[in-house]
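coordinates only, sequence not included:
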Ligand code: GTP
C-alpha cells in the first residue's frame, strides 16, 4: 500500500528550531524525524511513499537526492501555497495519481502502531476512511473521537474545551483513506481534514476508528520534541538509535541527554534531559537542563540554560541565565 506523509506544515510551535529546517528534518537522537517515520512504515511492509511538501521542500529533496528515504522510494508533491491537511491530501493524490486506497500520516507523529492491523480493520468494515485512535490523559489539544462497538465514528470533535471532552480517545494522525475521500475535499483553498472532512464523514457514517495503545507521541511542541528524543534514548521505541559521536570532557556531567555530532561539552559542564544538535560548543562550567539547542550554538563560560529553546548559530554570552526562554525571541 502507498503511504502519503504530510510534511508541509510551518511547525510554528517549534520555532526557532523550525526557522530554517522543517519539523520532520529535525533530529531525533541524531536521525531526521522523517527517517523514523518511514522506517516504521518499511517495517510494516509499505513499499513506496509520497511526501506532501509545502514549507521548505528543498530541505527534503537535498537530504535524499537518490530518491529514497530509509530505503523506500519516494515521490513528492509541492503545494504552491499551504493547503491545510485535507487540501494537501487532495493536491498530492492528484499529482501522484493515487487511485487506490492509501495511508495518510502526519509526519510529526512517532508511533509503533500496527499499520497492517489498521488496514485490515478498514477493509473488514468496508469503511471510507479509518483513523487510528490513541488514549491520552488530556485530549483537549487533539481531535476527540467517539465510536460505537464496531468502531464506527459517532462524533469527531477537534480540540474540545478542557473537561468537556466526550472521550479520551484522540485522532492519532494515521489514516487509511479510500479515493472517494478526495472528492469530499474542496479544491484550491486550504481545508483541514480534522475540522471539515472527518466531522462530515462521521455524520455520513462512513468513518471508522481503531483503538491502539502502543507507543505514540506528537512531536509538535518543544517539550514533546525533547520527550521524543529522550524516549528514543531510553529505548522506549522498537527501533533503537545509534547515537551520534560527541566530545565530552571527562569532568563534565552529562545525564539523559542527546549530544549531536561534533558538539563539544567543556570541563565541569552539566547537561541534563537536553538535546544538543550538531556542532555546538559548550564552555566550562555551563549548566543546560530540559532544553533544546539547535546546530552550532556557542555557550559561554558559566552560563545557565533551563527549559529553553535556542536557535541555529546563537551565541550565549558567558554568565547568561536563561530560564524558559527562546533565542532568538520570536
Ligand atoms: P504548527 O504550526 O506548530 O501547528 O505545526 P504544523 O504546521 O506542523 O501543523 P500541525 O502540527 O497541525 O500539522 C500536522 C501535520 O500535517 C504535520 O506533519 C504538518 O507538517 C502537516 N501539515 C500541516 N499543514 C499542512 C499543509 O498545509 N500542507 C502539508 N503538505 N502538510 C501540512
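Okay, I see it. Bear in mind that the values here come from a model prediction, so they are computed numbers and not experimental data.

Now name the helix or strand holding the residue of the stretch 151-300 of the chain found nearest the ligand.
Closest residue of the stretch 151-300 of the chain to the ligand, C-beta to the nearest ligand atom: residue 220 (4.6 Å). For glycine as for every other residue, the C-beta is placed from the backbone atoms N, C-alpha and C. Under the criterion DSSP states H and E, no helix or strand holds residue 220.

Run through the strands of the stretch 1-150 of the chain in chain order.
2-6, 27-28, 31-32, 48-53, 68-69, 72-78, 102-106, 109-111, 129-135, 143-147 (DSSP state E, counting those that start in this stretch).

pLDDT below threshold where in the stretch 201-330 of the chain?
For the stretch 201-330 of the chain, no stretch has pLDDT under 70.

Quick check: residues of it near the ligand?
With C-beta under 6 Å from any ligand atom as the criterion, the stretch 201-330 of the chain meets the ligand at residues residue 220.

As a check, name the ranges of all helices in the stretch 201-330 of the chain.
222-233 (DSSP state H, counting those that start in this stretch).

ok, for residue 218, nearest residue in space, not its chain neighbours?
residue 109 (5.5 Å; C-beta to C-beta, 6 or more residues apart in numbering).

do you know how far the one you found is from the ligand?
In this view, residue 109 and the ligand are 7 Å apart by C-beta to the nearest ligand atom, to the nearest Å.

what number of residues lie near that residue?
For residue 109, the count of nearby residues is 23 (other C-beta atoms under 10 Å).

now swap in residue 326 and tell me
Residue 326 has 17 nearby residues by other C-beta under 10 Å.

The closest residue to it other than its chain neighbours pairs with what?
Closest residue to residue 326 apart from its sequence neighbours, by C-beta to C-beta, 6+ apart: residue 309 at 4.7 Å. With DSSP bridges as the criterion, residue 309 is bridged to residue 292, residue 326.

what's near enough to touch residue 51?
Residue 51 makes contact with 4-5, 7, 34, 60, 74-77, 107, according to C-beta atoms under 8 Å, 6 or more residues apart in numbering.

okay, which residue is most central for the chain?
The chain has residue 108 as the residue nearest its centroid, 1.4 Å off, counting by C-alpha atoms, centre = their mean.
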